[in-house]
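J.: no sequence on this one, just coordinates:
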């Protein structure tokens with residue numbers, strides 16, 4: 001059965017206009033320590049607490065997350081554009097270790113937790129390859145942080161979340 005498919009450029013243009021929180025997915029364990037900036041992150045369920053991330057299927061982090069069996073989603077706070085750029089690979093030509101100089105915590109061999117971020121620690125429950133990306137579903141074992149406004153990305157640029165004064169809680 002043939003199905004219609006949206007024009008790729010039109011799809012990408014529309015997705016650029018969808019604001020998203022900026023997250024860094026990290027993992028560590030026998031397959032190594034990796035981190036990558038990811039815009040595709042979502043809650044799946046509250047019962048049990050579950051999240052999903054989408055990683056490029058051919059990336060080193062996708063393989064490492066599967067092999068390590070656990071990951072952290074670090075929702076970056078406002079003002080973390082340098083960290084977002086670093087884990088997006090924009091500094092790879094001059095920085096060999098993306099974690100160098102980034103304040104992280106957690107036990108050695110566990111996914112790094114970026115200081116100041118809202119952190120979701122998760123264990124891989126399921127993976128699914130869809131198109132060019134690996135969808136990773138993880139059961140959340142702990143949530144840390146949560147006091148800061150998130151850094152967002154919209155139409156090719158970073159943005160701050162600004163409350164609508166007319167709808168702000170009084």
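T.: Arrived safely. Small disclaimer: the values here were computed from a predicted structure and weren't measured.
J.: any chance you could map the strands in this protein?
T.: 20-21, 23-27, 34-38, 41-46, 49-56, 70-75, 104-105, 113-114, 118-130, 133-144, 151-154, 157-160 (DSSP state E).
J.: adjacent strands (with direction) for the fourth one?
T.: Strand 41-46 sits in its sheet next to strand 49-56 (antiparallel), going by DSSP bridges.
J.: identify all contacting residues around the partner strand.
T.: Strand 49-56 is contacted by residues 23, 25, 36, 38, 40-44, 61-62, 65, 71, 73, 120, 122, 125, 132-140, 143 when judged by C-beta atoms under 8 Å, 6 or more residues apart in numbering. In this view, the C-beta of every residue, glycine as well, is placed from N, C-alpha and C.
J.: can you give me the pLDDT of residue 168?
T.: Looking at residue 168, its pLDDT reads 67.
J.: do residue 76 as well
T.: Looking at residue 76, its pLDDT stands at 97.
J.: tell me the contacts of residue 125?
T.: Going by C-beta under 8 Å, 6+ apart, residue 125 touches 50, 137, 138, 139.
J.: between those, which has the most around it?
T.: Among these, the one with the most neighbours (other C-beta atoms under 10 Å) is residue 138, at 26 neighbours.
J.: buried subset of the contacts of strand 49-56, written for PyMOL?
T.: Buried residues within the contacts of strand 49-56, by 16 or more other C-beta atoms under 10 Å, are selected in PyMOL with:
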select buried, resi 23+25+36+38+41+61+62+65+71+73+120+122+133+134+135+136+137+138+139+140
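J.: on that earlier part again, adding distance to residue 113 and pLDDT, write the contacts of residue 125 out as CSV.
T.: Shown next, in CSV, are the contacts of residue 125 (distance: C-beta to C-beta, whole Å; pLDDT from 0 to 100):
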residue, distance to residue 113, pLDDT
50, 19, 98
137, 20, 98
138, 15, 98
139, 17, 98
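J.: which regions of the protein sit below the pLDDT cut-off?
T.: 1-2, 168-170 (pLDDT under 70).
J.: and the gap between the spatially closest residue to residue 17 that is not a sequence neighbour and residue 133?
T.: Distance criterion C-beta to C-beta, 6 or more residues apart in numbering; nearest residue to residue 17, sequence neighbours excluded, is residue 155 at 5.8 Å. In this view, residue 155 and residue 133 are 21 Å apart by C-beta to C-beta, to the nearest Å.
J.: repeat for residue 66
T.: 13 Å.
J.: mind listing what residue 47 touches?
T.: Residue 47 touches nothing, counting by C-beta under 8 Å, 6+ apart.
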